[in-house]
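S.K.: give me a 3D structure for the following:
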Amino acid sequence: MSEYKKLLGFFMLCLFQVTYAQPKLTTGAEQVNEYLPLLKAKKIGLVVNQTSTIGQTHLVDSLQKLPVSIKAIFAPEHGFRGNHGAGVHIKNNKDAKTGLKVISLYGTHKKPTKDDLKDIQIVVFDIQDVGARFYTYISTLHYVMEACAEQKKQLVILDRPNPNGFYVDGPVLDKKFQSFVGMHPVPVVHGMTIGEYAQMINGEKWLKDGMTCNIKIIKMKGYTHNDRYSLPVKPSPNLPTAESIALYPSMCFFEGTNYSLGRGTDKPFECFGKPENTKGDYTFTPKAIAGVAENPPYKDKLCRGRLVTNFVNNIFNKEPRLYLDWIMNAYQEDTSKATFFTDFFTTLAGTDELKKQIIAGKTEAEIRASWQPKLNEFRVTRKKYLLYTDFVYFYK
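M.R.: Okay, here's the model as predicted:
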């Protein structure tokens, strides 16, 4: 793409954002009058967590005051209250505040069973996503859709903004590397809301045996993919800030290395380093934090590396994309290259090519160029399922 086109696109984006006042955003959950008629006098199940709010009130608390019969809560990774760290397996339980049955959809029980849904007529999905392929809420969405399709249950999706919904980038997943942190052939940053993503799952026949789920999406009002949205509730324990959410798609690759990315500190996903590292001007010591990082990498050990928080406002907000500089430079600077990558890196990347390219010393431009054919195909597919005005493409 020529520099002229880049500048023109960037100017158009800035003009759009400055000239036109953004209308008030109304989430799907806030439009109670749109979905209450569907739920009234019905037995429902809720796929929710701490982000499922109407203003300052949790969706469960709001619905309990209405003529709706809640039979069960289904909780994704991190639990119903969002107070469990990444990867922590949660048992089924009863919520102390509401007395409702809570069924965990993480660990060995990722998909609602026939028995789980036997007393339920409609399932409601209301969870805040962050727009990255390896963030497991869209995997939970897949399994909930599949279960509803099998058991002939309607799924009502209360749509929410994607805080990384203003760009699309990264390698597209190779189905050979399909996992719970990457179930579909989409790039690392897919640029879709939960509602749009559900339409793609249906439309591309990604459910088992090509089934489709009966979905009803309660669209947002006042949202476009040009918008930058700051989440009112942290979507998971280790994404507590707008900066960590913006950096997450790029920084998460460190989960597949022998580096820490700040779990157990007040800057998770905003820094990286390890004890034996000699590069960088930032030091941190991971500590055990209940419900956030019970046993973080390099617990109680001083790590040296870099803090990248300021990158969001200085660089990322001006040119949003997946940034590989940090992972590539860390590998080149590392003195123990043979142990730098773990097997999980390929799982996160959704391809074995990225690891090979970094080891081979490819430039970021060369690596990014290798993504473009499949990325462009995805962009065409994505447009079929959009519910909101798309952003302006102004870079590669």
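S.K.: show the contacting residues for residue 135.
M.R.: Applying CB atoms under 8 Å, 6 or more residues apart in numbering to residue 135 gives the contacts 129, 235, 248. In short, each C-beta sits where N, CA and C put it, glycine included.
S.K.: state the pLDDT value of the first one.
M.R.: pLDDT recorded at residue 129 is 97.
S.K.: quick check: it touching residue 162?
M.R.: Yes: counting by CB atoms under 8 Å, residue 129 sits close enough to residue 162 to count as a contact (6.3 Å).
S.K.: between the two, what contacts are shared?
M.R.: Common neighbours of residue 129 and residue 162 (CB under 8 Å, 6+ apart) are 193-194.
S.K.: tell me which of the contacts of residue 135 fall in helices.
M.R.: Using DSSP state H, the subset of these located in helices is residue 248.
S.K.: most neighbours, which of the contacts of residue 135?
M.R.: Highest neighbour count within the contacts of residue 135: residue 248, with 26 neighbours (other CB atoms under 10 Å).
S.K.: quick one: residues contacting that one.
M.R.: 130, 132, 135, 164, 239, 269.
S.K.: can you rerun that using 7 Å?
M.R.: Residues in contact with residue 248 (CB atoms under 7 Å, 6 or more residues apart in numbering) are 130, 132, 239, 269.
S.K.: for residue 355, state which of these is nearest.
M.R.: Using CB to CB, residue 132 comes nearest to residue 355 of the contacts of residue 248, at 18.4 Å.
S.K.: quick check on residue 102: phi, psi?
M.R.: The phi/psi pair for residue 102 (degrees, to the nearest 10) reads phi -110, psi 120.
S.K.: what's opposite it in the beta bridge?
M.R.: residue 73, residue 93 (DSSP bridges).
S.K.: that one and residue 75 touch, don't they?
M.R.: Yes: contact criterion CB atoms under 7 Å: residue 102 and residue 75 qualify, at 5.5 Å.
S.K.: show me which of these two is the more surrounded one.
M.R.: residue 75 (27 against 21).
S.K.: how about that one, what does it touch?
M.R.: 49, 90, 102, 104-105.
S.K.: ok, residues contacting the longest helix seen in the chain?
M.R.: Across the chain, the helix with the greatest residue count (assigned by DSSP H) is helix 364-383. Helix 364-383 has contacts (CB under 7 Å, 6+ apart) with 168, 170-172, 186-187, 191-192, 324-325, 328, 353-354, 357, 390, 396.
S.K.: derive a ChimeraX selection command for the buried subset of the residues you listed.
M.R.: To isolate the buried members of the contacts of helix 364-383 in ChimeraX, using 16 or more other CB atoms under 10 Å:
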select :168,170,171,172,186,187,191,192,324,328,353,354,357,390
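S.K.: good, wrapping up.
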